[in-house]
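Engineer: coords below, sequence missing:
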């Protein structure tokens, strides 16, 4: 989700990412925003995103996260595998008893 | 891949941790500020806006905790903090730390040094490319015991093997000798290596400058050539690169320098010059076995295949060449020659392995003792922290956490001790490489390489874990309740708490006894060796030197003899010289002379049997008197015997006994060397045996001929060395530069600056013959001494600790009327008990282990009762002393003080 958000919206700081996720999920995923940061750290360490300092909306220093090329690739592969998973699951739900006879 | 990246970043993160922390803090604050701003926009009051923002964010500290754990490697960080703790604790107790590190440094250093030696001599391959394919071509000769079970090659084999072999990529023969170098500075006799074509090619070491020997250099009649070893080129020609093409006068003939070997070129006897060995094919017979063979096996050829090939070629060789004049084909057939290839490394290393492994083993034991000692010290320290640890355990510290802390501490000590030990080992090896015994092969290759470093690190960590584990096992798992209760001051100490320390001391004592016994056995061996009459007296007073015979008179034996006679007269006139002798070689230098079959007139050797093969020396009158060899029967030669060419001989006692059963019976009997064409010579004297192969080996039998005979082959008939003779000079000034200069002047005033070489005192030759024994003895004595010291410290430590712990109890006992003598006995008994159990164990272990060193012993068995008893008594005495000192302190305790101090 973080990767996708960054892909669509370009570089964002932590708060903005949290807000977007909240927004996109329609406030369904209303978890503690704090848990976002360890996740960002993990992605940074894996090299999928990188961080740099920039100015936030209210003109204060904030860290902006940007998708790297490796991150883009990972997003694609994850999207693909999600697509697969989803389609499999979907097929399971779609199947009716008579289809199998 | 990305997981790897993550691991790397996590590992690196601790370097930036402070900065990261600040970044995180700033990020969180910004997040909350933005949320608060949004909330404000949503219409909340400023206070409420911030509160909601914080609520939404969740628990900041918990998040930070997770964040930190993810960022770095928490295990590593805890380890580092433990390390910091350990360092701090060590700094606070410098005395303890220094003791431990010093003990470990000695133990580890000794082991690393000895491993360095073992590694460079036994483990590391030789310094040649693909050294595993190099073999020394040797033969078993069960029918010829005089060869000592193994024979080298003959010049005729060189031709047969080169032409007929199917398994050698290269083959050549070599021979070490001296070669005189004149015309450049003082005449001298560098060590020369004579090689045929194929030797250098087999070794595969390229020259630094110029070229190798080609097949043409071997051909008799072609211009003579020479190569220089790197060291000789540096020291004598200061590394002048224009040396190639220059002409040197070697053995009175001009030789063109064609090349310089590389610095890392190594060969037995450390040659300084390399000369081509030239064999005249038409003049070769089956014998003599006077050259070494070296071959490089074709890739993929096994030792068995090569041996089979060699066996096949032996058959060809035996039929292709004629026996030497005077010997029958049967003599050679009866030698029952069989192939016995040896890896080149084994050839160079020889049988030094046993001694090295014994030394390595003993030093390993010393390290064990050192570890036991350190473990004991750590136990005492852990005891002091007993309560702290118990409280921590009670507060919920897991045993893993406590164990890790204790282990980190001991490993740190281990590593520090190891580092110090590595320093010691480095110094020790440097010393050994410079001053080590010459009998240690590959000495100049000794040093610290990565394998030795790895060994040092491994040993340090292992010993750290070893002595660290003991307190860990004892304390980390201790049940908090018992520990807390037990450490109250109203209790005497439970038996429980001493068991570990007592066990350690018993182990220490028993190992120390094993080492004492082994070094004791070596001391006894040394004593026995010195008790052997070597066949000469006061060797420190005898100067041995060799000099060449001038070219101009070499063909006239009589003139040579008169020249030598004049030299002897002049040397004898030097102040302080009591007598001089002249001969073909000194005692213990049989390798310069060799042996030959000798027949006795009235003792027929049955057909097909090999005649006795005594050492041959050619000597002038005064040889025996100068060396101090007693004449048991008959007389010495006279100058008249020499000049009148009387057919006389002197033999050694064992030769006389072998032939006639008694020295007196030998007088007047006749013997001859060589074949039927040689005349019989009458035995006029019998001398005591001379231990020519070192006192450890049985003395060979000897035949002495006059230095001048009707048919005279001058000394130097071995190899291509030049004719030369040995002067023995007995003087209390032997070994001084003054006497050497005087003697050189005396020699040069007569023979015109012939090189003087192989200068040494007889004592040096004698010591060299025992070098390996004394080296082992020294090492074992050091190990034994260290072990005894550590063992005593161990006992002392335990008893002293006992006394200090029981001060109160002793105070009460004294107050109740206990006698000092009784108290003293109590502690002494405790010390003796430990020592006694340890000694009993040690005796049993020693009986098993010393068998391994029996090949190093001489004149004593591995179970020598005297040594065992003496070592035990020494150890027990030391133990009594070690427990007496602290016990003395116990009875000096003033009961009032002891009780009040509570």
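Structural biologist: Perfect, I can see it now. Note that the structure is predicted; figures quoted are calculated from it, not measured.
Engineer: and the closest residue to residue B:150 other than its chain neighbours, how far from residue B:53?
Structural biologist: Using C-beta to C-beta, 6 or more residues apart in numbering or on different chains and skipping the chain neighbours, the partner closest in space to residue B:150 is residue B:138 (5.2 Å). Yep, even glycine has a C-beta here, placed from its N, CA and C like the rest. Using C-beta to C-beta, to the nearest Å, one obtains 90 Å as the distance from residue B:138 to residue B:53.
Engineer: over to residue B:729?
Structural biologist: Taken as C-beta to C-beta, the span from residue B:729 to residue B:53 is 105 Å.
Engineer: just residue B:817 next, same as before
Structural biologist: 81 Å.
Engineer: over to residue A:92?
Structural biologist: 42 Å.
Engineer: of these two, who's got more company?
Structural biologist: residue B:53 (22 against 8; other C-beta atoms under 10 Å in any protein chain shown).
Engineer: ok, now which ones touch that one?
Structural biologist: B:32, B:35, B:36, B:39 (C-beta atoms under 8 Å, 6 or more residues apart in numbering or on different chains).
Engineer: and the helix or strand hosting residue B:100, what's buried?
Structural biologist: In this assignment (DSSP states H and E), residue B:100 forms part of helix B:94-118. For helix B:94-118, burial by neighbour count (16 or more other C-beta atoms under 10 Å in any protein chain shown) applies to B:96-97, B:100-101, B:103-118.
Engineer: low-confidence ranges in the stretch 401-550 of chain B?
Structural biologist: Of all residues in the stretch 401-550 of chain B, those with pLDDT under 70 make up the ranges B:435-441, B:443-444, B:475-497.
Engineer: which residues of it fall in strands?
Structural biologist: B:542-548 (DSSP state E, counting those that start in this stretch).
Engineer: for chain A, same thing?
Structural biologist: Using DSSP state E, the strands assigned to chain A run over residues A:12-13, A:49-55, A:61-67.
Engineer: mind putting the ones you listed into CSV with distance to residue B:466 and mean neighbour count?
Structural biologist: CSV is the format used below for these (distance: least, C-beta to C-beta, whole Å; neighbours: other C-beta atoms under 10 Å in any protein chain shown):
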stretch, distance to residue B:466, mean neighbour count
strand A:12-13, 54, 22
strand A:49-55, 47, 14
strand A:61-67, 49, 20
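Engineer: tabulate the ones you listed (a markdown table), appending distance to chain B.
Structural biologist: As requested, these are exported to a markdown table (distance: least, C-beta to the nearest C-beta, whole Å):
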| stretch | distance to chain B |
| --- | --- |
| strand A:12-13 | 7 |
| strand A:49-55 | 9 |
| strand A:61-67 | 5 |
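Engineer: got these as JSON lines, with mean pLDDT columns?
Structural biologist: JSON lines is the format used below for the strands of chain A (pLDDT from 0 to 100):
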{"stretch": "strand A:12-13", "mean pLDDT": "77"}
{"stretch": "strand A:49-55", "mean pLDDT": "77"}
{"stretch": "strand A:61-67", "mean pLDDT": "78"}
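Engineer: relative to residue B:359, which of those is closest?
Structural biologist: strand A:49-55 (59.4 Å; C-beta to C-beta).
Engineer: what lines up beside the closest one in the sheet?
Structural biologist: If you go by DSSP bridges, strand A:49-55 pairs up with strand A:61-67 (antiparallel).
Engineer: who's in contact with the strand it pairs with?
Structural biologist: A:2-3, A:6-7, A:10-15, A:17, A:40, A:43-44, A:48-56, A:75, B:23, B:26-27, B:30, B:34.
Engineer: next, count neighbours for residue B:806.
Structural biologist: The burial count for residue B:806: 20, using other C-beta under 10 Å.
Engineer: and the helix-or-strand element of chain A with minimal mean pLDDT, what other elements does it pack with?
Structural biologist: The weakest-scoring helix or strand in chain A, judged by mean pLDDT, DSSP states H and E, is helix A:2-9 (a mean of 73). With contacts defined as 3 or more C-beta pairs under 8 Å, 6 or more residues apart in numbering or on different chains; DSSP states H and E, the packing partners of helix A:2-9 are helix A:14-24, helix A:36-46, strand A:49-55, strand A:61-67, helix A:69-94.
Engineer: where does pLDDT dip in the stretch 601-750 of chain B?
Structural biologist: B:604-611, B:674-675, B:710-722.
Engineer: again, only this time at 90
Structural biologist: Low-confidence segments of the stretch 601-750 of chain B, defined by pLDDT under 90: B:601-618, B:642-645, B:658-663, B:672-680, B:692-700, B:707-725, B:733-737, B:744-745, B:748-750.
Engineer: can you pull out the helices in it?
Structural biologist: B:623-627, B:639-643, B:653-660, B:663-666, B:737-751 (DSSP state H, counting those that start in this stretch).
Engineer: among these, which comes closest to chain A?
Structural biologist: helix B:737-751 (73.9 Å; C-beta to the nearest C-beta).
Engineer: now do the buried residues in that closest one.
Structural biologist: B:739, B:740, B:742, B:743, B:744, B:746, B:747, B:748, B:750, B:751.
Engineer: could you list the paired strands of the helix or strand following it along with their orientation?
Structural biologist: Next helix or strand after helix B:737-751 toward the C-terminus (DSSP H and E): strand B:756-761. Applying DSSP bridges, strand B:756-761 is found paired with strand B:542-548 (antiparallel).
Engineer: okay, residue 28: pLDDT?
Structural biologist: Just so you know, I chose chain A. Per-residue pLDDT puts residue A:28 at 65.
Engineer: could you do chain B instead?
Structural biologist: Taking residue B:28 on its own, its pLDDT is 79.
Engineer: equivalent analysis for residue B:304, please.
Structural biologist: In this prediction, residue B:304 has a pLDDT value of 89.
Engineer: check which element follows the helix or strand hosting it along the chain.
Structural biologist: Assigned by DSSP H and E, residue B:304 falls within helix B:303-320. Downstream of helix B:303-320, the next assigned helix or strand under DSSP H and E is helix B:329-334.
Engineer: now the element after that next one, going C-ward?
Structural biologist: Following helix B:329-334 in sequence, per DSSP H and E, is strand B:338-339.
Engineer: okay, now the sheet partners of that following strand, with direction.
Structural biologist: Assessed with DSSP bridges, strand B:338-339 is paired to strand B:139-140 (antiparallel).
Engineer: just checking, next helix/strand downstream of the strand it pairs with?
Structural biologist: Past strand B:139-140, the next helix or strand by DSSP H and E is helix B:155-164.
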